[in-house]
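A.B. asks: Take a look and give me a structure for this.
(chains A, B, C and D)
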Protein chains: 2
Amino acid sequence: MVRALEIVGERWSLLIIRDAFFGIRRFTDFSSHLGIPRAVLTERLEFLVSEDVLARTPGSGRRFEYELTAKGLDLWPVVRSLTEWGDAHYAPQGPRRVFTHADCGGQPDATRRCSRCGETVPVAAMLMEPGPGMVTSPKADPISAALAERRPLLQPVEP
Amino acid sequence: MVRALEIVGERWSLLIIRDAFFGIRRFTDFSSHLGIPRAVLTERLEFLVSEDVLARTPGSGRRFEYELTAKGLDLWPVVRSLTEWGDAHYAPQGPRRVFTHADCGGQPDATRRCSRCGETVPVAAMLMEPGPGMVTSPKADPISAALAERRPLLQPVEP
DNA sequence: ACGGTTGGTTCGGTGAATGAACTATCCTGG
DNA sequence: CCAGGATAGTTCATTCACCGAACCAACCGT
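C.D. replies: Numbers count the residues shown, from 1 in each chain, chains lettered A, B, ... in the order given. Down below sits the predicted model:
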């Protein structure tokens, strides 16, 4: 676990990875959604790319995109179990987001096993939907607004 | 996930919690096994106790013990999935430790479901055994040596 | 050609982490 | 009863990481 924490244990790293699962791919979107200092974001993205957790692909012009690699996708159980623990102990209204299997509507657990059909669900086949604890503030930025809608995981935000 | 990381996302916190699962309970043992600065250890233990992840109970005299609470035990999926990710991507020799269901010998996944009997295995009913990647250095301190033996999780080290 | 967008870099200030040394309390052996 | 060790810290100077704000350079559409 020491090596895992050397890669994803620094501050912000897991939040960047979580946002990547949610479909965020661009520098500016990570910056505005997370509120992370840009210098720190630069450093974290470069490090995660160098460790093959994210891949940096050129979009149009300067619009680079940071995407999860296979190794990065393997972090889903970490993201999911941390979220479940936070929901269980710090979300009296219930979770802000729930994740469902697009094919059958069941709820995959942290290991991606679906509660209804029993399949191991690929992350891309999961839908993220607002849960009972979701708060929709009127002044929400476009990114937060998009992430409060029902949408598939990994699908790029505003393509 | 933000709130979860506020509790367990600081450096050393998850390693302290992992060691607590392994059976470490005393200040000196955490210090020597993790190599964490003592001032930081003091602060982390106090914080985790204040957040009801650990409980501090008086042993004999000054020998306090830090034990996982129910809330702390709920962090097992986080510890397990981080370890699995590290093993999958940074342990070419295979994992250093494997965890088995004491009753049936199966291997519980991150959600504690046993691969053999299908039961949800309590953490206390799991055995930690050395795996193919375990390295037994001759100069190992007594704590590391104890943790390289087959032993139940949560059982206090040298009671 | 020009203003906006994107993806950064640079900078000074602040707080946290580090390792080494020191301390106070309790327990045990003689 | 006293000495010494074990335990669980505290203190301190140095180093390092994080922070917010400002600056900058390439590219785009018009």
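A.B. asks: you'd agree A:Ala20 is up against A:Gly72?
C.D. replies: Yes - using CB atoms under 8 Å, A:Ala20 makes contact with A:Gly72 at a distance of 6.8 Å. The C-beta positions use only the backbone N, C-alpha and C, and glycine is treated the same way.
A.B. asks: With neighbour numbers in mind, choose between the two.
C.D. replies: A side-by-side neighbour count of A:Ala20 and A:Gly72, using other CB atoms under 10 Å in any protein chain shown, places A:Ala20 first with 23 against 20.
A.B. asks: tell me which element the more buried one is part of?
C.D. replies: Using DSSP states H and E, A:Ala20 sits within helix A:13-22.
A.B. asks: I'd like to know which elements the helix or strand bottoming out on mean pLDDT in chain A is packed against.
C.D. replies: Ranking every helix and strand in chain A by mean pLDDT, DSSP states H and E puts helix A:142-147 at the bottom, with a mean of 90. Other elements packing on helix A:142-147 under the criterion 3 or more CB pairs under 8 Å, 6 or more residues apart in numbering or on different chains; DSSP states H and E are helix A:27-34.
A.B. asks: what does chain A put close to DNA strand C?
C.D. replies: For chain A, the residues in contact with DNA strand C (CB under 7 Å from any atom of the strand) are A:26-28, A:38-39, A:42, A:45, A:59, A:62-65.
A.B. asks: Name every strand pairing with the next helix or strand after the least confident helix or strand of chain A and say which way it goes.
C.D. replies: Heading C-terminal from helix A:142-147, the first helix or strand you meet, by DSSP H and E, is strand A:151-152. Applying DSSP bridges, strand A:151-152 is found paired with strand A:126-130 (antiparallel).
A.B. asks: does A:Val157 count as helix, strand or coil?
C.D. replies: coil (DSSP: H, G, I helix; E, B strand; the rest coil).
A.B. asks: Who's the closest spatial neighbour of it, skipping the chain neighbours?
C.D. replies: A:Gly23 (4.5 Å; CB to CB, 6 or more residues apart in numbering or on different chains).
A.B. asks: and if you look at A:Ala124?
C.D. replies: Counting by CB to CB, 6+ apart, A:Leu154 is the residue found nearest to A:Ala124 once chain neighbours are left out, at 4.9 Å.
A.B. asks: so that neighbour sits right up against A:Leu68, yeah?
C.D. replies: Yes - taking contacts as CB under 8 Å, A:Leu154 lies within contact range of A:Leu68: 7.2 Å.
A.B. asks: In chain A, where's the longest helix?
C.D. replies: Ordering each helix of chain A by length in residues (DSSP state H) puts helix A:76-90 first.
A.B. asks: quick check, that one touching chain B?
C.D. replies: Yes - in terms of CB under 8 Å from any CB of the partner chain, part of helix A:76-90 sits within range of chain B, namely A:77-86, A:88-90.
A.B. asks: Using a markdown table, please lay out those residues together with distance to B:His33.
C.D. replies: Converted to a markdown table, the residues of helix A:76-90 next to chain B look like this (distance: CB to CB, whole Å):
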| residue | distance to B:His33 |
| --- | --- |
| A:Pro77 | 26 |
| A:Val78 | 23 |
| A:Val79 | 28 |
| A:Arg80 | 29 |
| A:Ser81 | 24 |
| A:Leu82 | 24 |
| A:Thr83 | 29 |
| A:Glu84 | 28 |
| A:Trp85 | 24 |
| A:Gly86 | 27 |
| A:Ala88 | 29 |
| A:His89 | 27 |
| A:Tyr90 | 29 |
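A.B. asks: Can you select the buried ones from the residues you listed in ChimeraX?
C.D. replies: Written as a ChimeraX command, the selection of buried residues from the residues of helix A:76-90 next to chain B, which uses 16 or more other CB atoms under 10 Å in any protein chain shown, is:
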select /A:77,78,79,80,81,82,83,84,85,86,89
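A.B. asks: Can you name the two of the residues of helix A:76-90 next to chain B that sit furthest apart?
C.D. replies: Using CB to CB, the pair of the residues of helix A:76-90 next to chain B lying farthest apart is A:Pro77 and A:Tyr90, separated by 19.8 Å.
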